[in-house]
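> Here you go, sequence then predicted model.
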Amino acid sequence: MATEIRTKLLKMFTKSNGEFLSGQKISEELGCSRTAVWKHIEELRQAGYELEAIRRKGYRITKIPEKISSNEISLGLKTLNLGRVIHFEESVGSTQKIAHQLAHDGALEGTLVVAEEQTSGRGRLNREWFSPKYTGVWMSLILRPNLPPAKAPQLTLLTAVAISQAIEEVTSLRPDIKWPNDILLNKKKTVGILTEMQAEADKINSVIIGIGINVNQQLEHFPEELHTIATSLSIELKKPINRAELIQMVLLKFENLYQIYLEHGFYPIKLLWESYAISIGKKIIARTITGTLTGTAKGITEDGVLMLEGEDGKISYIHSADIELDNK
């Protein structure tokens, strides 16, 4: 009950757009006494919120805590569906694992799993993803698109565009996308995306999109072997970023693109993805499970498959590979 009241109170502050809320108004909307209002305000302060209180005016939030929680994400969230149900955990093995179980149990589309720390985070090809506490965004989003399973990889590219747009909006930094799902700043990895699905032969039951964003880490937070290949938004911007605000923006950009995708197909997403792609027109090395190919990246197909032009002019279609720029 206390959690519900706090959530309702935070929503009231969101709607007030920084204006003061009188104790009387809060009392009426929460259905409690003025003494109880004061108690709830004090609980917000203890949770790390900074509030200004002025006699005859009321209260307003002046600063939200650095820690994130479902309340901080909900406060100011502008989506219609995505993130409206949030499962928040302080520390988990993997948000993907929790999201898979929730999806299996019937969780609604748009359900978000967020953790302050992952102890067993993973990326593509089951690689470890370093997810230290209170520094990044570690989350998994549940989708239930009415699509054939073969279309699911397109959602990875859509996610990359949404996150790139969100980073640009929040920080003014311009990210690069390395096919299919790495987001780079200053040629160093900042974001990883892992798309998995629960499906039948001809029907997607759910798509689970795992997102890891290095936000406020400093160099000393990374293991030494990652110093030359990983970075964070804070390192590049040279100041800390509000992680809850970033999550809100990712969800908003994703929801907008997802609606475009469901209504108009992949082509608009393809154009946006190519506008961020670091490898288009450049020589690359593509390491696949069947061998290594080199050539010039020509773009992606309508299905999101990478087109690689060899020296003989022949186009190879790459469905899955590790990509590296050929700097020779």
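The structure has been received and is ready for your questions.

> List the buried residues of stretch 221-232.
221-222, 226, 230-232 (16 or more other CB atoms under 10 Å). For the C-beta atoms, the positions are set from N, CA and C on the backbone; glycine is no exception.

> Is it correct that Glu29 is in contact with Lys11?
No - Glu29 is beyond contact range of Lys11, at 9.6 Å (criterion: CB atoms under 8 Å).

> My reading is that Thr7 lies in a helix. Confirm?
Yes - Thr7 forms part of a helix when assessed by DSSP: H, G, I helix; E, B strand; the rest coil.

> which non-adjacent residue is nearest it?
Asn71 (6.1 Å; CB to CB, 6 or more residues apart in numbering).

> The one you found - how many residues pack around it?
Asn71: 21 surrounding residues under other CB atoms under 10 Å.

> Let me know the secondary structure of it.
With three-state DSSP as the basis, Asn71 sits in helix.

> again with Pro132
Reduced to three states by three-state DSSP, Pro132 is coil.

> Look at it and say how many residues are nearby.
16.

> Gly299 now?
Count around Gly299 with other CB under 10 Å applied: 17.

> That one belongs to a helix, doesn't it?
No - counting by three-state DSSP, Gly299 is not found in a helix; it is strand.

> Next up, the contacts around it.
274, 277, 280, 307 (CB atoms under 8 Å, 6 or more residues apart in numbering).

> How far off centre is the helix or strand Leu251 falls within?
Following DSSP states H and E, one finds Leu251 within helix 243-264. Here the centre of helix 243-264 is set off from its chain's centre by 9 Å, with CA atoms, centre = their mean, to the nearest Å.

> which parts of the helix or strand just after it are buried?
Heading C-terminal from helix 243-264, the first helix or strand you meet, by DSSP H and E, is helix 267-276. For helix 267-276, a neighbour-count test (16+ other CB under 10 Å) marks 269-270, 272-274, 276 as buried.

> What does Ala160 show for phi and psi?
Dihedral angles of Ala160 (phi, psi; degrees, to the nearest 10) stand at phi -60, psi -40.

> pretty sure it contacts Leu184?
No - between Ala160 and Leu184 there is no contact under CB under 8 Å: 10.7 Å.

> Which one's more surrounded, the two?
Ala160 (26 against 19).

> residue contacts, that one?
Ala160 neighbours (CB under 8 Å, 6+ apart): 177, 180-181, 183, 191, 193, 273, 276.

> Mind checking which of those are buried?
177, 180-181, 183, 191, 193, 273, 276.

> For the stretch 151-300 of the chain, just list every one of the strands.
In the stretch 151-300 of the chain, the strands defined using DSSP state E, counting those that start in this stretch lie at 176-178, 182-185, 188-199, 204-213, 283-288, 291-300.

> doesn't Pro180 make contact with Pro153?
Yes - counting by CB under 8 Å, Pro153 does reach Pro180; the two are 7.2 Å apart.

> got the domain boundaries for the chain?
2-63, 70-276, 283-325 (automatic domain parsing).

> Can you tell me how far the spatially most distant residue from the centre of the chain is from His264?
In the chain, counting by CA atoms, centre = their mean, Arg56 sits farthest out from the average C-alpha position, at 40.6 Å. Applying CB to CB, to the nearest Å, the value for Arg56 to His264 is 52 Å.

> swap in Ser316?
Distance from Ser316 to His264, by CB to CB: 28 Å.

> Kindly report the same for Trp38.
For Trp38 relative to His264 (CB to CB), the value is 51 Å.
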